[in-house]
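Provided below are the primary sequence and the corresponding predicted coordinates.
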Number of protein chains: 2
Amino acid sequence: MPKHATDYDATRYERPSVTVDVVIFTLINQELHVLLVQRRHWPFEGCWAIPGGFINMDESLEDAARRELAEETGVRDVYLEQLYTFGAVARDPRTRVISVAYIALVRADLQQIRASAESTAVRWFPVRTLPEPLAFDHDQVLAYAIGRLRSKLEYTTLAFQLLPEVFSILELKHIYEQILDEKLDKGNFYRKIKEADLLEETPLLREGRGRPTRLWRFRRDRAADKQFVFRWREDRSVGEGRDEK
Amino acid sequence: MPKHATDYDATRYERPSVTVDVVIFTLINQELHVLLVQRRHWPFEGCWAIPGGFINMDESLEDAARRELAEETGVRDVYLEQLYTFGAVARDPRTRVISVAYIALVRADLQQIRASAESTAVRWFPVRTLPEPLAFDHDQVLAYAIGRLRSKLEYTTLAFQLLPEVFSILELKHIYEQILDEKLDKGNFYRKIKEADLLEETPLLREGRGRPTRLWRFRRDRAADKQFVFRWREDRSVGEGRDEK
DNA sequence: AGAATAGTGTCTATGAGACACTATTTC
DNA sequence: GAAATAGTGTCTCATAGACACTATTCT
């Protein structure tokens, strides 16, 4: 098969379909959730799936991901990142489909989710209790997405995408715990987050059962500085690279 | 546009072409090089480009990448990793093309490169002195590949892919320096690499101008242990995530 | 002996992790 | 005062980084 042939003819080779799937994460009641849609039709009728769809010829991959995201959640201006491209030959029984997967982080309180013509339902699922089985190879996609989220959390300020405008330091710690799936030390967390100088104190307090808690705001100016990275801890585990069977 | 519609008709939507491009790295004279092909035809006639080609309908993305790699270098069984998928609308003037980019690491001494029908030449270029301009958006692809290589080097044993069966510790250090583009401390490097217990001493010595150097072998058994990661240093910089304009 | 290259030893500053302590609220 | 939650202080141990030192070859 020639590469970049002169006499290129668009119709000459059979082409795969290309879809964009978006793994949409949010935090509900301090717990990490993911948005899934229930399929109305064959294949995998009734199964839950990661929302996605075919790309248009006049939109970039990221534009397509944003469109899908908007269609499912009505949300705009969120954190969006390409995850991986899945291209096993028989992952879709209908035809050859290459799926470019994206991760999105949204604040649940802002979102209005809705079902569509192809789905009977749309729901947030806690990542700890996902439905089984998922459609296509979406279990792999999701597992990979969670792994990526976890590893990126350790060296980026990504967790702030999930938080409201103001929040307490212990809420932030809770997100880290949710995503990393382990307990963190309170004192060490306070120390590191303060050293990072990422937060701006607000005059606000939130009352609860015990001592009221101070609320903070994320300093976007510091995060915008691309050189700057808040690294919760140095301990990176596997990270990038995955084996497509 | 419907997602996963029942009455799915493969011909119903216009489909993009999908290519796989492989950024092939090697080490020549202790210097990091990348394989480029010179294009024979329009578009970008005469420009250097990353080798790649259209995927077949019956091969996975990774299979396609291995095929391309074999076609360009005749090499098999190398380190191969998906890099990123590039999908800007007008990146190829002929038609809509989505390119899934891969990174491969090969040992140059083993390879026999050859030109093909579409290329007038195939050459290894030092990454420090790349030709300008590259075809398509290949400058971006390459820059991204180098960044990925750099960041992965810091927490994987990937550098060993570039080395021959036996090598000296200072040669290994040299690879790290090449890829990271900075000087490393000799003593610290010796310390870390030995602590990692990744190397096996051989009885071999190599003579040079000064004191002969001990040769070592990579312990694949330790690296196979997926939990294990040789981390040259903790200092991860940006890493994953990229902005496709 | 001196140059060239290989390889080791050691000091210091940093910072992650553990954990005990203090503070402020409600009941 | 006790319970509940918020927030601080401090000690220790590991280790990254700097850098001086020793070792073995050739000419």
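Sure thing, it's come through.

so what strands line up beside the longest strand along chain A?
Longest strand in chain A by number of residues, with DSSP state E as the criterion: strand A:17-28. Strand pairing for strand A:17-28, determined by DSSP bridges: strand A:31-39 (antiparallel), strand A:52-54 (antiparallel), strand A:97-105 (parallel).

shaky segments in chain A?
For chain A, applying pLDDT under 70 flags the ranges A:1-12, A:108-112, A:114-117, A:223-245.

can you show me the strands along it?
Under DSSP E, chain A gives strands at A:17-28, A:31-39, A:48-49, A:52-54, A:79-86, A:97-105, A:119-126, A:166-167, A:199-206, A:213-218.

number of residues surrounding the residue in chain A that DNA strand C sits nearest to?
Nearest to DNA strand C, among the residues of chain A, is residue A:187, at 2.4 Å (Cβ to the nearest atom of the strand). Bear in mind the C-beta positions are built from the backbone N, C-alpha and C, glycine included. The number of residues packed near residue A:187 is 8, by other Cβ atoms under 10 Å in any protein chain shown.

for chain A, what lies in contact range of DNA strand D?
Applying Cβ under 7 Å from any atom of the strand, one finds that chain A approaches DNA strand D through A:168-170, A:186-188, A:190-191, A:194, A:208-214.

just the buried residues from the residues you listed, in PyMOL please.
Here is the PyMOL selection string for the buried members of those, based on 16 or more other Cβ atoms under 10 Å in any protein chain shown:
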select buried, chain A and resi 168+169+213+214
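
show me which of the residues of chain A next to DNA strand D is closest to residue A:30.
Nearest to residue A:30, judged by Cβ to Cβ, of the residues of chain A next to DNA strand D is residue A:170 at 10.2 Å.

quick one: contacts for the closest residue to that closest one other than its chain neighbours?
In this structure, residue A:170 finds its nearest non-sequential neighbour in residue A:213, 6.7 Å apart by Cβ to Cβ, 6 or more residues apart in numbering or on different chains. Applying Cβ atoms under 8 Å, 6 or more residues apart in numbering or on different chains to residue A:213 gives the contacts A:168, A:169, A:170, A:205, A:206.

quick revisit: Serialize the strands paired with strand A:17-28 to JSON lines and add fields for distance to DNA strand C.
Formatted as JSON lines, these follow (distance: least, Cβ to the nearest atom of the strand, whole Å):
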{"stretch": "strand A:31-39", "distance to DNA strand C": "21"}
{"stretch": "strand A:52-54", "distance to DNA strand C": "37"}
{"stretch": "strand A:97-105", "distance to DNA strand C": "23"}
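
for residue A:60, find the nearest of the ones you listed.
With Cβ to Cβ as the measure, strand A:97-105 is the member of the strands paired with strand A:17-28 nearest residue A:60 (10.5 Å).

the inter-axis angle of that closest one versus strand B:79-86?
Per axes from the mean of the first three to the mean of the last three Cα atoms, to 10 degrees, the angle that strand A:97-105 makes with strand B:79-86 is 80 degrees.

re the thing from before, can you redo the contacts of residue A:213 as JSON lines with distance to residue B:130?
Shown next, in JSON lines, are the contacts of residue A:213 (distance: Cβ to Cβ, whole Å):
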{"residue": "A:168", "distance to residue B:130": "49"}
{"residue": "A:169", "distance to residue B:130": "46"}
{"residue": "A:170", "distance to residue B:130": "49"}
{"residue": "A:205", "distance to residue B:130": "56"}
{"residue": "A:206", "distance to residue B:130": "54"}
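
nearest to chain B, of those?
residue A:169 (23.6 Å; Cβ to the nearest Cβ).

doesn't residue A:56 make contact with residue A:64?
Yes. Checked against Cβ atoms under 8 Å, the pair residue A:64 and residue A:56 is within contact range at 6.7 Å.

quick one: which of the two has more around it?
Each of residue A:64 and residue A:56 has its neighbours counted (other Cβ under 10 Å); residue A:64 has more, 23 against 16.

ok so, going back, make CSV from the strands paired with strand A:17-28 and add distance to residue B:101 and mean neighbour count to it.
Formatted as CSV, the strands paired with strand A:17-28 follow (distance: least, Cβ to Cβ, whole Å; neighbours: other Cβ atoms under 10 Å in any protein chain shown):
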stretch, distance to residue B:101, mean neighbour count
strand A:31-39, 27, 22
strand A:52-54, 21, 24
strand A:97-105, 12, 24
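
among those strands, which is nearest residue A:46?
Of all those, strand A:31-39 sits nearest to residue A:46, with 6.5 Å by Cβ to Cβ.

chain center to the closest one: distance?
11 Å (Cα atoms, centre = their mean, to the nearest Å).

and if you look at stretch A:33-43?
16 Å.

pull the CA coordinates from that stretch and hand them back as PDB.
Taking Å, rounded to 0.1, in the frame of the first residue of the first chain, the C-alpha atoms of stretch A:33-43 are listed here in PDB:
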ATOM      1  CA  HIS A  33     -18.500   9.500  39.000                       C
ATOM      2  CA  VAL A  34     -18.500   8.900  35.300                       C
ATOM      3  CA  LEU A  35     -21.300   9.500  32.800                       C
ATOM      4  CA  LEU A  36     -22.600   6.600  30.800                       C
ATOM      5  CA  VAL A  37     -25.500   6.200  28.300                       C
ATOM      6  CA  GLN A  38     -27.700   3.200  27.900                       C
ATOM      7  CA  ARG A  39     -27.900   1.900  24.400                       C
ATOM      8  CA  ARG A  40     -31.300   1.700  22.800                       C
ATOM      9  CA  HIS A  41     -30.300  -0.500  19.800                       C
ATOM     10  CA  TRP A  42     -28.100  -3.300  18.600                       C
ATOM     11  CA  PRO A  43     -25.300  -3.900  19.100                       C
END
